[in-house]
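*Asks:* need a structure here:
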Amino acid sequence: MKKHIIAIPAILLLIGGGTFLYLAQGNTAQLPPGADTGKEPVFTTAKNEMLPTVNIAEVKPWTANEKPVAAKGLTVARYAEGLAHPRSLLRLPNGDILVAETNSPPRPQGGIVNKVMNFLMNKAGAGVPSANRITLLRDTDGDGKAETKTAFLTGLNSPYGMALIGDTLYVANTDALMAFPYKEGDTKITDKGRKIIDLPAQAPNQHWTKSLAASPEGLLYVGVGSNSNIGDNGLDVEKNRALVFEVNPKTGYKRIFASGLRNPVGLAFEPKSGELWGVVNERDMLGGDLVPDYLTRVEFGAFYGWPWNYWGGYEDRRVQPQRPEIREYTKRPDYALGNHVAPLGLTFVDKLQLGAPFTDGAIVGLHGSWNRKPAAGYKVVYVGFADGEAGKAKPVDVLTGFLDKDGAAHGRPVDVTADAKGALLVSDDVGGVVWRVTKAQ
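*Replies:* Next up is the predicted model:
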């Protein structure tokens with residue numbers, strides 16, 4: 001009798017999980033490839049989903065001889081491998097590369113929904129514990145591969161953003177912006193660091209990454225994602241979220257620089273204009289053909305719509321109460337990257353030497369969809385610029401092949417940056433690799 005009683009929760013879990021997965025089959029996107037990208041993406045009628053469409057690429061690790069596919073005129077090789085969920089990258093002045101080996105804090109385990117979601121995260125390769133460290137990679141002999149790999153900074157709390165100003169390394173943990181003394185050439189920091197400001201990390205801490213960029217003037221810009229899809233649990237839990245903070249690291253003074261950005265993960269300064277740009281993950285459960293994630297200037301005082309509207313004024317009727325009066329004050333994004341492509345990494349090409357056509361614009365890492373049929377993203381793209389503005393042309397593929405012909409994921413690109421020789425480095429969290437893209441000889 002006791003065995004039967006013990007089995008009941010397991011049976012209910014299986015039934016609940018099966019029901020969730022059945023209902024989450026969702027719909028198939030109808031837009032042709034590329035229609036959801038560029039300055040003028042195509043918008044369709046919203047399809048309100050009871051549950052998100054689930055289409056998670058199962059992980060099939062790279063074999064020793066496999067690698068992504070580089071665009072014509074480029075080649076790709078492994079810069080470093082054997083990393084634990086590598087995410088954000090930072091190049092130091094001496095050419096060393098810092099990579100955050102990190103993941104979300106422990107997720108809630110109780111309840112059928114949480115158990116199903118944890119199962120899906122594990123399936124996508126995102127269920128591993130966070131290593132909570134920053135690792136230093138050094139190419140000692142200049143052959144394009146890191147011979148040195150050391151634990152540079154440990155004991156962190158789901159670190160993500162990194163920035164160096166002078167002799168201070170700033171790290172954005174999920175719950176605090178920290179400062180550590182940096183000395184060029186060191187391979188380890190043992191200092192405990194000091195807290196500059198707290199960052200919102202209240203449960204469920206849905207968007208846990210805190211991105212970071214330093215301005216030429218020595219100010220820091222911190223991207224903080226929302227705690228839900230569309231304010232589902234009330235706006236009280238969204239306080240100081242879905243925005244970019246401007247922080248004076250010397251005084252700890254902070255202010256809201258821009259708001260209404262659901263999840264601004266990648267931040268970078270455009271070299272010609274000096275303006276701050278970011279890539280933003282938009283909302284879910286309106287169907288596979290909505291809403292486009294985007295690349296945009298992040299302007300002081302601007303509001304970008306979340307949660308009440310998107311793309312400069314399309315109202316999201318699911319959000320209550322409605323705020324129609326704020327539509328006219330909503331800033332429209334500059335450039336659509338595609339629906340559910342999950343842009344995470346952003347860098348500009350001024351420090352890259354990849355040759356034409358990659359000479360004036362931005363490189364974006366598209367982590368890839370989990371809730372769209374067919375899958376979208378799973379690649380690195382180039383967006384051309386002109387006079388500091390995103391151009392009208394469609395994105396150009398730089399690195400593809402992260403999905404195989406059966407839809408399994410060998411890897412998922414995250415962050416992008418230039419190394420000291422002008423090559424493009426791409427972190428791949430599922431593959432545990434940092435890839436190096438160069439101009440073909």
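*Asks:* residues in contact with V224?
*Replies:* 199-200, 207, 210, 240-245, 264 (CB atoms under 8 Å, 6 or more residues apart in numbering). Yep, even glycine has a C-beta here, placed from its N, CA and C like the rest.
*Asks:* at 6 Å instead, please
*Replies:* 210, 241, 243 (CB atoms under 6 Å, 6 or more residues apart in numbering).
*Asks:* what helix or strand is the second one on?
*Replies:* Looking back up the chat, that one is R241. In this assignment (DSSP states H and E), R241 forms part of neither any helix nor any strand.
*Asks:* tell me the contacts of it?
*Replies:* Contacts of R241 (CB under 6 Å, 6+ apart): 200, 224, 226-227.
*Asks:* P395 touches K379, doesn't it?
*Replies:* No: with contacts counted by CB atoms under 6 Å, P395 stays clear of K379, the gap being 9.1 Å.
*Asks:* which neighbours do these two share?
*Replies:* With CB under 6 Å, 6+ apart as the test, P395 and K379 reach no residue in common.
*Asks:* hang on, the earlier thing: redo the contacts of R241 as TSV? Include distance to A172, pLDDT and secondary structure.
*Replies:* TSV is the format used below for the contacts of R241 (distance: CB to CB, whole Å; pLDDT from 0 to 100; DSSP: H, G, I helix; E, B strand; the rest coil):
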residue	distance to A172	pLDDT	secondary structure
P200	12	98	coil
V224	9	98	strand
S226	16	98	coil
N227	16	97	coil
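*Asks:* what bridges to the residue lying closest to F245 once chain neighbours are set aside?
*Replies:* Setting aside the residues directly before and after it, F245 is nearest to V222 in space (CB to CB, 6 or more residues apart in numbering), at 4.4 Å. Legend: beta-bridge partners of V222 under DSSP bridges are L212, F245.
*Asks:* so what's V222 up against?
*Replies:* With CB under 6 Å, 6+ apart, V222 has these contacts: 172, 210, 212, 245.
*Asks:* relative to T400, which of the residues you listed is nearest.
*Replies:* In terms of CB to CB, no member of these lies closer to T400 than L212, at 28.1 Å.
*Asks:* what about that closest one, distance to K39?
*Replies:* 28 Å (CB to CB, to the nearest Å).
*Asks:* give me the more crowded residue out of those two.
*Replies:* L212 (23 against 14; other CB atoms under 10 Å).
*Asks:* so that one makes contact with I165?
*Replies:* No: in this structure, L212 is not within contact of I165 by CB under 6 Å, at 10.8 Å.
*Asks:* which neighbours do those two have in common?
*Replies:* The overlap between the contact sets of L212 and I165 (CB under 6 Å, 6+ apart) is empty.
*Asks:* for L354, which non-adjacent residue is closest in space?
*Replies:* Nearest non-adjacent residue to L354, counting by CB to CB, 6+ apart: K439, 5.4 Å away.
*Asks:* tell me the one of the contacts of R241 nearest G407?
*Replies:* For these, the nearest to G407 is S226 (28.7 Å; CB to CB).
*Asks:* excluding chain neighbours, what is closest to that closest one?
*Replies:* In space, S226 comes closest to A242 once its chain neighbours are excluded; the distance is 4.1 Å by CB to CB, 6+ apart.
*Asks:* quick one: average pLDDT of stretch 382-392?
*Replies:* The average pLDDT within stretch 382-392 is 97.
*Asks:* same check on stretch 201-214?
*Replies:* Averaged over stretch 201-214, pLDDT sits at 96.
*Asks:* report the buried residues of it.
*Replies:* 201, 205-214 (16 or more other CB atoms under 10 Å).
*Asks:* R87: which of these is nearest?
*Replies:* Of all the buried residues of stretch 201-214, the one sitting nearest R87 is T209; the distance, using CB to CB, is 7.6 Å.
*Asks:* that closest one and G95, how far apart?
*Replies:* 26 Å.
*Asks:* where does the residue nearest the centre of the chain sit: helix, strand or coil?
*Replies:* Nearest residue to the geometric centre of the chain (CA atoms, centre = their mean): L344, 2.4 Å. Here L344 is recorded as strand under DSSP: H, G, I helix; E, B strand; the rest coil.
*Asks:* check E325 too.
*Replies:* Relying on three-state DSSP, one would call E325 helix.
*Asks:* again, but for N205
*Replies:* Applying three-state DSSP: N205 is coil.
*Asks:* got the phi and psi for it?
*Replies:* In terms of degrees, to the nearest 10, the main-chain angles of N205 are phi 50, psi 50.
*Asks:* do V349 as well
*Replies:* Residue torsions, per degrees, to the nearest 10, at V349 are phi -90, psi 10.
*Asks:* next up, the contacts around it.
*Replies:* Contacts of V349 (CB under 6 Å, 6+ apart): 358, 361.
*Asks:* which parts of the chain are helices?
*Replies:* 2-23, 112-123 (DSSP state H).
*Asks:* by mean pLDDT, show me the worst of these.
*Replies:* helix 2-23 (a mean of 48).
*Asks:* if we can go back for a sec, now distance to P321 too, for the contacts of V224, in JSON lines please.
*Replies:* Formatted as JSON lines, the contacts of V224 follow (distance: CB to CB, whole Å):
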{"residue": "K210", "distance to P321": "29"}
{"residue": "R241", "distance to P321": "19"}
{"residue": "L243", "distance to P321": "21"}
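*Asks:* before we move on, back to that, quick check, the residue nearest to S226 in contact with S228.
*Replies:* No: judged on CB under 6 Å, A242 makes no contact with S228 at a distance of 9.3 Å.
*Asks:* so between those two, which is more surrounded?
*Replies:* The residue with more neighbours, out of A242 and S228, is A242; 26 against 20, by other CB under 10 Å.
*Asks:* contacts only, for the more buried one.
*Replies:* Shown in contact with A242 (CB under 6 Å, 6+ apart): 226, 261-262, 306.
*Asks:* now I56: how far from T400?
*Replies:* 19 Å.
*Asks:* the closest residue to P292 other than its chain neighbours: what's it in contact with?
*Replies:* Distances taken as CB to CB, 6+ apart place A336 nearest to P292, at 3.8 Å, with adjacent residues excluded. Residues counted as contacts of A336 (CB under 6 Å, 6+ apart) are 37, 41, 292, 294.
*Asks:* picking up where we left off before, just put the buried residues of stretch 201-214 in TSV and tack on distance to A151.
*Replies:* Shown next, in TSV, are the buried residues of stretch 201-214 (distance: CB to CB, whole Å):
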residue	distance to A151
A201	24
N205	25
Q206	29
H207	26
W208	21
T209	21
K210	21
S211	22
L212	20
A213	25
A214	24
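*Asks:* and of these, the nearest to P61?
*Replies:* Checking those against P61 with CB to CB, the nearest one is T209 at 23.3 Å.
*Asks:* can I assume that closest one is in contact with Y160?
*Replies:* Yes: with contact defined as CB under 6 Å, T209 reaches Y160; the gap is 4.3 Å.
*Asks:* which ones are touching K60?
*Replies:* 408, 410.
*Asks:* that should have said K379, apologies.
*Replies:* So K379 contacts 366, 397, 400 (CB under 6 Å, 6+ apart).
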